[in-house]
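S.K.: Show me how the following folds:
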Amino acid sequence: MTAQAIEQQDAARSKPLYAAIWRWHFYAGIVFAPFLILLAVTGGIYLFKPQFESWMYKDYYYVQETDPSKLSPSAQIEVVKKAYPDAVVTKYKPPIEADRSAEVGVIHNKQPATVYVNPYNGKILGEIRDDDRIMGQIRKLHGKLMIGTIGDRLIELAACWGMILLITGIYLWWPRGRKSLLGTLVPRLNKGKRIFWRDLHAVPAFWLSLFVAFLILTGLPWSGLWGEMIKSVATATHTGYPAHLFPWDPKPESTIPTKEVGNVPWAAENLPVPSSAEKASGVTPVQPISVEKVMEIAAARQVHPGYDISFPKGPKGVYTVFVSTGRPQDQATLHIDQYSGNVLADLRFKDYGILAKLISIGVALHQGQYFGLVNQIACLLVCIGLILISVSGIVLWWKRKPTGQLGSPPLPSNFKLLKGVAVIVVVLGLVFPLVGVSLLLVLLLDRLVIHRIPAIRQWMA
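M.R.: Predicted coordinates:
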């Protein structure tokens with residue numbers, strides 16, 4: 001770096017706004033970089049769930065076609081009921097291909113599990129409990145740190161702060177008076193270790209900023225607080241599912257959301273579950289329709305292969321047919337009267353509101369499902385880039401920090417400017433509520449603890 005460039009950089013850093021943003025960027029990076037690394041690692045692994053599980057559970061997933069005909073789905077389910085007399089059958093998934101097994105969902109010993117059945121001879125190939133799936137554990141780590149609601153909130157907080165890190169990072173990266181591409185768009189590799197790590201942090205962050213922001217924003221709809229806010233907005237504005245498409249008669253007595261039925265598409269999660277119209281013929285109640293009849297209805301409605309059938313819960317429950325994997329355009333959620341076979345709700349991508357369409361496409365891209373392997377590799381490269389950005393930022397801090405101190409950027413002296421920055425922070429807090437809560441906690445910690453204990457105040461300098 002030339003003397004002139006160093007002088008320009010020092011002049012920029014001396015400006016109060018730059019110093020204030022640099023300080024926030026520093027603290028957010030120190031606290032949340034480990035979380036962002038964890039998200040990138042677990043997300044990069046989870047992208048390849050289809051390939052991993054096809055290999056890991058190949059003895060359960062795949063069968064050899066031994067007969068042109070198959071056992072009926074009802075017969076397959078009966079095999080499972082006999083093998084698991086104490087279990088409750090909750091759903092059925094027809095084989096996707098001729099060489100695939102059928103899947104029967106059960107609650108066994110109070111644990112949800114999937115039993116795999118050879119559809120040609122009825123042989124039970126094995127059982128996998130939901131909690132035993134490796135990719136299921138990776139997803140729990142990715143979304144909730146495996147500690148439930150608290151973990152969900154921490155991950156959401158880290159993701160929201162990740163967005164703020166991107167915004168502040170772009171401001172700090174912005175070339176002020178620098179005309180050379182080196183250090184701006186291309187990293188400088190022979191200007192010393194400090195410049196090397198600085199460019200390895202800032203330059204890739206710039207190139208990947210839009211892609212990282214996309215992954216963060218498309219992941220937030222799954223989060224507890226922010227995700228529920230978006231669902232509420234979508235439901236209230238009919239930009240999720242349009243309510244006028246479902247004039248149920250009779251009106252559903254239950255307001256249980258469809259998401260409790262199974263892994264339904266995002267747009268259908270808040271769709272209320274209607275009721276089956278239970279009738280009686282004399283003293284004998286009408287029997288529920290068979291699973292084969294439900295499959296006929298799904299075929300007639302041209303539901304994409306790979307759907308699940310969730311069984312009715314109680315005498316007023318409904319069959320629910322849903323497809324949530326793959327391209328959003330193939331998604332479907334059907335509620336079917338268990339007695340008459342009437343389709344009480346049929347929600348497709350074309351019916352989604354604009355918000356639900358955007359989020360559904362974003363979710364598919366986030367999971368690497370939209371464009372297959374190309375989509376997976378693209379997301380993996382972004383995850384690797386995020387790890388590089390986070391690690392290089394930590395190394396850069398470690399190399400420049402004074403011994404025995406945190407080494408934070410100096411606090412700007414222009415208090416009026418800090419008020420302006422505070423307004424921006426408040427706006428971000430309104431967009432990301434957990435960020436607002438965290439900022440209040442940090443303010444209280446600063447005023448009540450850090451400023452009152454000289455040793456901590458000196459270390460934080």
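
S.K.: what stretches of the chain score poorly on pLDDT?
M.R.: Of all residues in the chain, those with pLDDT under 70 make up the ranges 1-14, 177-179, 243-255, 279-285, 411-422, 425, 446-447, 450-451, 457-461.

S.K.: Okay, strands next: where are they in it?
M.R.: 88-93, 102-108, 111-117, 124-129, 280-281, 284-285, 308-310, 318-323, 332-337, 343-348 (DSSP state E).

S.K.: I'd say residue 202 and residue 171 touch.
M.R.: No - using CB atoms under 8 Å, residue 202 is not in contact with residue 171, being 11.3 Å away. For the C-beta atoms, the positions are set from N, CA and C on the backbone; glycine is no exception.

S.K.: Name the residue in these two with the higher neighbour count.
M.R.: For residue 202 versus residue 171, neighbours defined as other CB atoms under 10 Å are more numerous around residue 202 (20 against 13).

S.K.: Now do that one against residue 308, distance only.
M.R.: Between residue 202 and residue 308 the distance is 46 Å, computed by CB to CB, to the nearest Å.

S.K.: try residue 155
M.R.: From residue 155 to residue 308 the distance is 27 Å (CB to CB).

S.K.: Name the residue in those two with the higher neighbour count.
M.R.: Ranked by neighbour count (other CB under 10 Å), residue 155 and residue 308 place residue 155 first, with 24 against 21.

S.K.: who's in contact with the more buried one?
M.R.: 35, 39, 142-145, 223 (CB atoms under 8 Å, 6 or more residues apart in numbering).

S.K.: Just give me the closest of the residues you listed to residue 290.
M.R.: Nearest to residue 290 out of the contacts of residue 155 is residue 143 (CB to CB; 36.8 Å).

S.K.: Take the contacts of residue 155 and keep only those in helices.
M.R.: 35, 39, 142-144 (DSSP state H).

S.K.: With neighbour count added, can I get the residues you listed in JSON lines?
M.R.: Output for the ones in helices among the contacts of residue 155, formatted as JSON lines (neighbours: other CB atoms under 10 Å):
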{"residue": "35", "neighbour count": "18"}
{"residue": "39", "neighbour count": "25"}
{"residue": "142", "neighbour count": "22"}
{"residue": "143", "neighbour count": "20"}
{"residue": "144", "neighbour count": "20"}
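
S.K.: and those as JSON lines, adding distance to residue 359?
M.R.: Shown next, in JSON lines, are these (distance: CB to CB, whole Å):
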{"residue": "35", "distance to residue 359": "23"}
{"residue": "39", "distance to residue 359": "19"}
{"residue": "142", "distance to residue 359": "18"}
{"residue": "143", "distance to residue 359": "16"}
{"residue": "144", "distance to residue 359": "20"}
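
S.K.: Spatially nearest residue to residue 355 (excluding sequence neighbours)?
M.R.: Taking CB to CB, 6 or more residues apart in numbering, and ignoring the residues beside it in sequence, residue 355 has residue 239 as its nearest neighbour in space, at 3.8 Å.

S.K.: typo on my end, it should be residue 352
M.R.: Nearest to residue 352 is residue 267, by CB to CB, 6+ apart, at 4.9 Å.

S.K.: my guess is that neighbour meets residue 358, correct?
M.R.: No - with contact defined as CB under 8 Å, residue 267 does not reach residue 358; the gap is 10.4 Å.

S.K.: So which of the two has more stuff around it?
M.R.: Between residue 267 and residue 358, counted using other CB under 10 Å, residue 267 has the larger neighbour count: 29 against 15.

S.K.: The more buried one: what's it in contact with?
M.R.: With CB under 8 Å, 6+ apart, residue 267 has these contacts: 234, 240-241, 331, 333, 347, 349, 352-353, 356-357, 359-360.

S.K.: try it again with 7 Å
M.R.: Going by CB atoms under 7 Å, 6 or more residues apart in numbering, residue 267 touches 240-241, 347, 352, 356, 360.

S.K.: tell me which of these is nearest to residue 216?
M.R.: Using CB to CB, these come closest to residue 216 at residue 360, 17.2 Å.

S.K.: count of neighbours near that closest one?
M.R.: So residue 360, with other CB under 10 Å, has 22 neighbours.

S.K.: what does residue 16 give?
M.R.: 17.

S.K.: From residue 407, how far out is it?
M.R.: 20 Å.

S.K.: next one: residue 301
M.R.: Distance from residue 301 to residue 407, by CB to CB: 62 Å.

S.K.: between those two, who's got more neighbours?
M.R.: residue 407 (17 against 14).

S.K.: Tell me how far the closest residue to that one other than its chain neighbours lies from residue 409.
M.R.: Once flanking residues are discounted, residue 407 sits nearest to residue 401: 2.9 Å by CB to CB, 6+ apart. Counting by CB to CB, the gap between residue 401 and residue 409 amounts to 11 Å.

S.K.: More neighbours: which of these two?
M.R.: residue 409 (16 against 13).

S.K.: Assess the claim that the more buried one and residue 23 are in contact.
M.R.: Yes - with contacts counted by CB atoms under 7 Å, residue 409 reaches residue 23, the gap being 4.5 Å.

S.K.: In contact with the residue lying closest to residue 136 once chain neighbours are set aside: list those residues for me.
M.R.: With sequence-adjacent residues excluded and distances taken as CB to CB, 6+ apart, residue 136 is closest to residue 130, at 6.1 Å. Shown in contact with residue 130 (CB under 7 Å, 6+ apart): 112-113, 136.

S.K.: 8 Å instead, please
M.R.: Here residue 130 is in contact with 111-114, 136 (criterion: CB under 8 Å, 6+ apart).

S.K.: nearest to residue 275, of the residues you listed?
M.R.: Among these, and counting by CB to CB, the member closest to residue 275 is residue 112, at 24.1 Å.

S.K.: got the contact list for the closest one?
M.R.: 90, 105-106, 129-130.

S.K.: Show the buried residues in those residues.
M.R.: 90, 105-106 (16 or more other CB atoms under 10 Å).

S.K.: Now residue 118: closest residue in space, sequence neighbours ignored.
M.R.: residue 63 is the one closest to residue 118 (CB to CB, 6+ apart), at 4.8 Å.
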